[in-house]
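Engineer: quick one: sequence plus predicted model below, questions after.
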Amino acid sequence: MHKHVAHNMKKSFVIILFLISNFCFSQLKSVIIDSETKEKIPYVNIWVVNENIGTTSNEKGEFELKIDTPKIILFSAIGFQTKKVSSDSIRNILELKPAINELDEIIINSKKLAKELTIGEFKKSKINSYFACGGTPWVSARYFEFKENYKRTPFIEKIKILTKSKIKDSKFNIRLYNTNEKGEPENYIYNENIIGIAKKGKRLTEIDVSKLNIKFPEKGFFIAIEWLIIENNKYEFNYTIKGSKEKHLGIHYDPKVGLIPSVVNKNSWIFIQGKWRKSSRKNNNESFRKYRNKYNQLAIELTLTN
């Protein structure tokens, strides 16, 4: 009799704990739309401000985010004004206002395509370290400095990025930024998403931007890669911790992006917790000596043309 009562009490205790844990977490669920056209906005970058919690809206503008207490949520999307709101105020529909800034860096005229110049060249076979996304919507940026000889080939024709993916056709977003007086990424050069598709395996993924007629800014600019926390990019795997045989479930969002070791830290930035920060962390990859205690730089190659 006592055992039966104790068993029931244990079951009740487990149920109460389960209910309490559910009450402790709030599930935000909404659809993000354009405040003017009412169209759904895909691939919105969503962060809990000052925390390592975030996600991405999917192709239909939908997102879900689990938080434990009321938070300030930041929404960032190319072509729209950044918005900060309290999680308590988020309902079924969330609207973003279109950006009103002028994009005077986009020059539209005829190009002869007679000359080409490649900058940022790297050897695919020499890259052994990668930037991977575990579940938060990182945006990692690399600064490209303007040089006088670029005036002969001022237009950006192609962007090549070294990617590595376990998923077939994983997607990522490219953001192009001007640089402000502090040397930080600020204001878009191009006001729409540029979606890259990484094939399975280690690849040099090429994005043709020649039709966008984007001129290399004379103050330099940033190319930023945004990881998309969407179902199609999710890769699940099992791993064990050293000294234990117990298997754990891990999740990455592909693609991984190749890294070039750099002695100086002058052109790498990361958007995290809702703000830009200079990437000051050194690579601790012990497997390859050339990366050890070096700064990371995204493996990006540009083709310029006239």
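Structural biologist: In hand now; what should we look at?

Engineer: can you pull out the helices in this protein?
Structural biologist: 2-24 (DSSP state H).

Engineer: how does it divide up, domain by domain?
Structural biologist: Domain segmentation of the chain under automatic domain parsing yields 2-96, 116-305.

Engineer: and among these, the most buried is which?
Structural biologist: domain 116-305 (a mean of 17; mean count of other Cβ atoms under 10 Å). Backbone N, C-alpha and C define where each C-beta goes, glycine included.

Engineer: what's the first-to-last distance across that domain?
Structural biologist: One end of domain 116-305 to the other measures 4 Å (Cα to Cα, to the nearest Å).

Engineer: for the closest residue to L96 other than its chain neighbours, which residues are in contact?
Structural biologist: Among residues not flanking L96 along the chain, F80 sits closest, at 4.2 Å (Cβ to Cβ, 6 or more residues apart in numbering). By Cβ atoms under 8 Å, 6 or more residues apart in numbering, F80 lies in contact with 34, 41, 44, 96-99.

Engineer: got those as TSV, with pLDDT and distance to S244 columns?
Structural biologist: Listed next are the contacts of F80 as TSV, based on pLDDT from 0 to 100; distance: Cβ to Cβ, whole Å:
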residue	pLDDT	distance to S244
D34	97	49
I41	97	44
V44	97	39
L96	97	45
K97	96	51
P98	95	52
A99	89	50
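
Engineer: rounded mean pLDDT for stretch 139-154, please.
Structural biologist: When pLDDT is averaged along stretch 139-154, the result is 95.

Engineer: that older thread, got the contacts of F80 as TSV, with distance to N58 columns?
Structural biologist: What follows is those, written out as TSV (distance: Cβ to Cβ, whole Å):
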residue	distance to N58
D34	16
I41	11
V44	9
L96	15
K97	21
P98	21
A99	22
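
Engineer: of the residues you listed, closest to I119?
Structural biologist: A99 (28.6 Å; Cβ to Cβ).

Engineer: quickly note the distance from the closest one to T82.
Structural biologist: 9 Å (Cβ to Cβ, to the nearest Å).

Engineer: so for the longest strand seen in the chain, mean pLDDT?
Structural biologist: The longest strand of the chain (DSSP state E) is strand 247-262. Averaging pLDDT along strand 247-262 gives 92.

Engineer: strand partners of that strand, parallel vs antiparallel please.
Structural biologist: strand 130-133 (antiparallel), strand 155-165 (antiparallel), strand 234-240 (antiparallel), strand 295-298 (antiparallel) (DSSP bridges).

Engineer: quick one, which of the ones you listed is nearest to P261?
Structural biologist: Per Cβ to Cβ, nearest to P261 of the strands paired with strand 247-262: strand 295-298, 7.4 Å.

Engineer: what about the stretch 201-306 of the chain, any weak spots by pLDDT?
Structural biologist: Counting by pLDDT under 70, the ranges of the stretch 201-306 of the chain that qualify are 282-288.

Engineer: ok, and the closest non-adjacent residue to I156?
Structural biologist: I156 sits nearest to I214 (Cβ to Cβ, 6+ apart), 4.8 Å away.

Engineer: my bad, K168
Structural biologist: With sequence-adjacent residues excluded and distances taken as Cβ to Cβ, 6+ apart, K168 is closest to K200, at 4.8 Å.

Engineer: E95 now?
Structural biologist: The nearest residue in space to E95 (Cβ to Cβ, 6+ apart) is S35, at 4.0 Å.

Engineer: equivalent analysis for Y295, please.
Structural biologist: N265 (4.2 Å).

Engineer: quick one: the one you found and S280 touch, right?
Structural biologist: Yes. Between N265 and S280 a contact is recorded at 6.2 Å, counting by Cβ atoms under 8 Å.
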